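Visitor: sequence plus the predicted model coming up.
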Amino acid sequence: MTRPQAKRIAGAAALLLLVYLAALAFLLPADIAWRAAEARLELPVTVATASVSGRFWSGQADGLRVDGHEAGSVNWRLQPAALLRGRLGLALRWESGSDRVDMRVRLGTRSTQAANVRGGLDASRIQAWFDLPLLLDGRLELDLPRVRWTPDGGFTDAGGTLLWAGAGAGLPRPIRLGDYRAELAADAGALAVRIDSGPDSTLAAVGDASWHPAGEYRVDLELRAAADADRNLVAALDSIAQRQADGAHRLQLRGR
């Protein structure tokens, strides 16, 4: 056998092997791929599923539970171009009832990145997920161009906005509060937000808050109830925040 013939045979064998591996990936059941990915990722939350269907390149996970709380379903589609950079790229859609969030995710061995995170959900879901001691109302809208997280460093990059329209909170029923906007950023591994309120909000709010994957949180807000605010709102502010000399309240929380 001549050298050119040997090269042609080796090239054909390499091509056949590549096609074979691609076919295996294409036909790999989604539940096997899900378990493999779950074992490699060190997520800041515990994720469980009732069922996973489809294939590696396109599938769906139903009956999601995040830290024990019901979280709807998620479907994905593989984005092969990300493999050229040594990452697993996925286009994801999370859905639960009328709530929906779309995003593009890049999974690497040392970091996870999300881009173009857009969608909306009812604020009541946040109350359920975090076991907050009050009822929430209104609609949350997300527009986050980028979020990056690493197992060791926490959040290393974040940007975008979170809108809370028609916000309400309280017991035994939510009190109308107003509209709020939060600007996201990464700060020393924590996900930080700068909060401001709309001009017609019953409860004006300005300040910042942060949450670290290790479980630490911090809140520092200046709150001011409108002159015609519900008296229960003023009473609640007196019980959870420190009244200032000018009539405003300052809410400071820190813990984990």
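Guide: Nice, I can see it.
Visitor: now name the helix or strand holding Gln113.
Guide: Here Gln113, judged by DSSP states H and E, is contained in strand 112-122.
Visitor: report all helices and strands that that strand contacts.
Guide: Judged by 3 or more CB pairs under 8 Å, 6 or more residues apart in numbering; DSSP states H and E, the packing partners of strand 112-122 are strand 99-107, strand 135-150. (Each C-beta comes from the backbone N, C-alpha and C, glycine too.)
Visitor: tell me what angle the first one forms with strand 135-150.
Guide: This means strand 99-107. 10 degrees (axes from the mean of the first three to the mean of the last three CA atoms, to 10 degrees).
Visitor: rounded mean pLDDT for strand 99-107, please.
Guide: Model confidence over strand 99-107 averages 90 on the pLDDT scale.
Visitor: mind listing the helices for the stretch 51-200 of the chain?
Guide: Taking DSSP state H, counting those that start in this stretch, the helices of the stretch 51-200 of the chain run over residues 123-130.
Visitor: in this structure, what helix or strand scores lowest on average pLDDT?
Guide: Using mean pLDDT, DSSP states H and E, helix 3-27 stands out as the lowest-scoring helix or strand of the chain, at a mean of 47.
Visitor: closest one to Leu64 among the helices and strands packed on strand 112-122?
Guide: For those, proximity to Leu64 was assessed by CB to CB; strand 99-107 is nearest, at 12.3 Å.
Visitor: partner strands of that closest one and their direction?
Guide: In the sheet containing strand 99-107, its partner strands are strand 88-96 (antiparallel), strand 112-122 (antiparallel), by DSSP bridges.
Visitor: now the shortest one: how far from the chain's centre is it?
Guide: Averaged C-alpha coordinates place strand 88-96 at 11 Å from its chain's average position (CA atoms, centre = their mean, to the nearest Å).
Visitor: and the contacts of it?
Guide: 37, 70-83, 100-108, 119, 121, 125 (CB atoms under 8 Å, 6 or more residues apart in numbering).
Visitor: and with 7 Å instead?
Guide: 71-79, 81-82, 100-107 (CB atoms under 7 Å, 6 or more residues apart in numbering).
Visitor: make a PyMOL selection of the buried ones in those residues.
Guide: Applying 16 or more other CB atoms under 10 Å to the contacts of strand 88-96, the buried members can be selected in PyMOL as follows:
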select buried, resi 71+72+73+74+75+76+78+79+82+101+103+105+106+107
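Visitor: find the centremost residue of the chain, please.
Guide: Val117 (8.2 Å; CA atoms, centre = their mean).
Visitor: the closest residue to Ala115 other than its chain neighbours and Arg118, how far apart?
Guide: Nearest non-adjacent residue to Ala115, counting by CB to CB, 6 or more residues apart in numbering: Arg104, 4.7 Å away. Counting by CB to CB, to the nearest Å, the separation of Arg104 from Arg118 is 10 Å.
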